[in-house]
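Novice: Provided below are the primary sequence and the corresponding predicted coordinates.
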Amino acid sequence: MSETIVVVDELAERRTKYHEADVVVVGAGVFGCAVAHALAEQGRSVILLERWMKEPNRIVGELMQPGGVNSLRKLGLGHCIEDIDSIPCHGFNVFFYGEDVRMPYPRIQGLLGVSDKANGNGNGFAYGKSEPPRPQGRSFHHGRFIMQLRRACLKHPNISVFETEAVSTIKGQHNPEILGVETRTVNPTTGEKEPDCFFGQLTIIADGYASRFRKQYIKESPIIRSKFYALELQDCQLPSPGYGHVIIGAASPVLLYQIGSHETRVLVDVPEKLPQASPANGGVRGYMANVVLPALPATVQPSFRAALEKDSRIPQSMPNSWLPPTRQSVPGLVILGDAMNMRHPLTGGGMTVALNDVVLLRDLLSPQNIPDLGDTAAVNRAMAVFHRQRKSLTSIINVLAMALYALFAAQNAQLAILQRGCFAYFQRGHTREPMGMLGGIIPDPLVLAYHFFSVAFLAIWLDWCRQGLWKGPFLLISAIRVLWTASVVFLPVMYRELLA
């Protein structure tokens, strides 16, 4: 028996018998599984805790942008989106009151980490320097993807997975360092929950959007202004197969994308206190039937109507949250994933942010950089670098999500002007860089600022043309209002992203 096998067996025994490891990860979702697997690949001993190991049933986390797919492959987990009936996504098709623009993801040299040789890269691509492969996103049933990630963790010799509910952190008696977590584990004999403890040099909290640890360590609370209500359509005839669809025509945007060979997800955004969704108007179901259904493309309407009539209950929903990132400074503890940072899911950027964060964290916490994760000063320095490095990509995805939602929902006259300008901007062919940013493959905040305010100036010009250039003073006042609104949409969110 080799020395390596002996060490692995000893570490496994310490995890299972004494509940001790280098790292304790709370939450076996996208971020938790990915970071546990990434650190285990480096030889770290990892304990992964999950309250419920059954396949989850969620209506978001089903569309992964190309940047997320790329990060997943960097982590050696690319196989997790295979064999789950996942659907390639080539871009988005935006519908604006009956008109539409199809916007593919741009080709970017070197994106997939392949050489420029024309003989291909071993993944089925063959191209010259002039034309790299077009990136793809993937859409799928969320639960199937999560179970693939969990199976990868269960198979790893450096990971022990426990089904238990984390309830609190364990602090040192003589210093503020976090030593691990206290949990409640169901006794299989009695069915009762019993106290348990798990210890690690570093505890990573990744327990999702409804984190029970967030309030204790992060001052910020999620801001929720709307919910997504979901239907699953059967054999829906999408206008552009292989594309996500954003429909602007109801009071708030509607998102559609295929998640299986026969299934299409539709997410209907319903802002708080929306008059069209009031009880007097039939509630959410009334809003879907009376407002959303007529706004959908004709080919989608039959399957939408059938899904709505299939069940008389209110459709499953999820809150659409914004939570700006926050750097923590608690020794022995980091809170990451949706527990630390969220954005509106309209643009499908959440998993891209999570997986990019794991890639950064893996490199910064590698044994070459930090041999001992108990060195809290070194970990704290690495986390400072982590928050600085993540901004180039995550600030774009987060700001773009919040800004596009504000424009597509258009809850005042100035936002409606910007909404028209945004669609006209896409119609004029300015889609390459916006789609690159949306897909998580162009990490440059200055490019985002350039395009956002280009949209604003185009919107002003189109509004001037619509109203008549002879209304000079009035048009100047209108332009100032539109620019102010654009600034209010963009700058505060960007500032909060860059502040962390």
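Specialist: Done, it's in.

Novice: surely residue 486 is within a helix?
Specialist: Yes. If the criterion is DSSP: H, G, I helix; E, B strand; the rest coil, then residue 486 is within a helix.

Novice: show me the helices in the stretch 251-400 of the chain, by range?
Specialist: 283-287, 293-295, 301-310, 350-364, 376-409 (DSSP state H, counting those that start in this stretch).

Novice: between those helices, which one is closest to residue 77.
Specialist: helix 350-364 (8.5 Å; CB to CB). Bear in mind the C-beta positions are built from the backbone N, C-alpha and C, glycine included.

Novice: what's that closest one packed up against?
Specialist: In terms of contacts (3 or more CB pairs under 8 Å, 6 or more residues apart in numbering; DSSP states H and E), helix 350-364 is packed against helix 30-41, strand 63-64, helix 66-74, helix 376-409.

Novice: next one, pLDDT for residue 467 please.
Specialist: On the pLDDT scale, residue 467 is placed at 88.

Novice: what's the answer for residue 48, then?
Specialist: pLDDT, residue 48: 98.

Novice: most packed of the helices and strands packed on helix 350-364?
Specialist: strand 63-64 (a mean of 28; mean count of other CB atoms under 10 Å).

Novice: for that one, name the packing helices and strands.
Specialist: Checking 3+ CB pairs under 8 Å, 6+ apart, strand 63-64 ends up next to strand 137-139, helix 350-364.

Novice: checking residue 224 next. Helix, strand or coil?
Specialist: From three-state DSSP, the assignment for residue 224 is strand.

Novice: list the contacts of the residue lying closest to residue 384 once chain neighbours are set aside.
Specialist: Leaving out its chain neighbours, the residue that sits closest to residue 384 by CB to CB, 6 or more residues apart in numbering is residue 327, at 7.1 Å. Residues in contact with residue 327 (CB atoms under 8 Å, 6 or more residues apart in numbering) are 383-384, 387, 500.

Novice: dump the residues you listed into TSV; add distance to residue 90 as well.
Specialist: Supplementary listing: the contacts of residue 327 in TSV, determined by distance: CB to CB, whole Å:
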residue	distance to residue 90
383	36
384	38
387	33
500	33
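
Novice: which of those lies closest to residue 185?
Specialist: residue 383 (29.6 Å).

Novice: what about the helices and strands packed on helix 350-364, which gets the closest to residue 100?
Specialist: It's helix 376-409; of these, that one is closest to residue 100 (CB to CB) at 13.9 Å.

Novice: how far is that closest one from where the chain is centred?
Specialist: Mean-position distance between helix 376-409 and its chain equals 12 Å (CA atoms, centre = their mean, to the nearest Å).

Novice: which other helices and strands does it contact?
Specialist: Short answer (3+ CB pairs under 8 Å, 6+ apart): helix 376-409 packs on strand 263-271, helix 350-364, helix 413-427, helix 432-438, helix 445-467, helix 472-499.

Novice: and of the helices and strands packed on helix 350-364, who's closest to residue 210?
Specialist: Across the helices and strands packed on helix 350-364, closest to residue 210 is helix 30-41 (CB to CB), at 14.0 Å.

Novice: direction included, what does the helix or strand that that closest one is followed by pair against?
Specialist: As assigned by DSSP states H and E, the chain's next helix or strand after helix 30-41 is strand 46-50. Paired with strand 46-50 in the same sheet, following DSSP bridges, are strand 20-26 (parallel), strand 159-163 (parallel).

Novice: export strand 46-50 as CSV, just CAs?
Specialist: Extracted C-alpha coordinates of strand 46-50, given in CSV (Å, rounded to 0.1, in the frame of the first residue of the first chain):
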residue,chain,number,x,y,z
VAL,A,46,-13.0,18.5,2.7
ILE,A,47,-16.3,18.0,4.6
LEU,A,48,-19.4,18.9,2.6
LEU,A,49,-22.6,19.5,4.5
GLU,A,50,-26.1,19.5,3.0
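
Novice: how far off centre is it?
Specialist: Worked out by CA atoms, centre = their mean, strand 46-50 lies 22 Å from the chain centre.

Novice: coming back round to it: what would the helices and strands packed on helix 350-364 look like in JSON lines with mean pLDDT?
Specialist: Listed next are those as JSON lines, based on pLDDT from 0 to 100:
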{"stretch": "helix 30-41", "mean pLDDT": "98"}
{"stretch": "strand 63-64", "mean pLDDT": "98"}
{"stretch": "helix 66-74", "mean pLDDT": "97"}
{"stretch": "helix 376-409", "mean pLDDT": "96"}
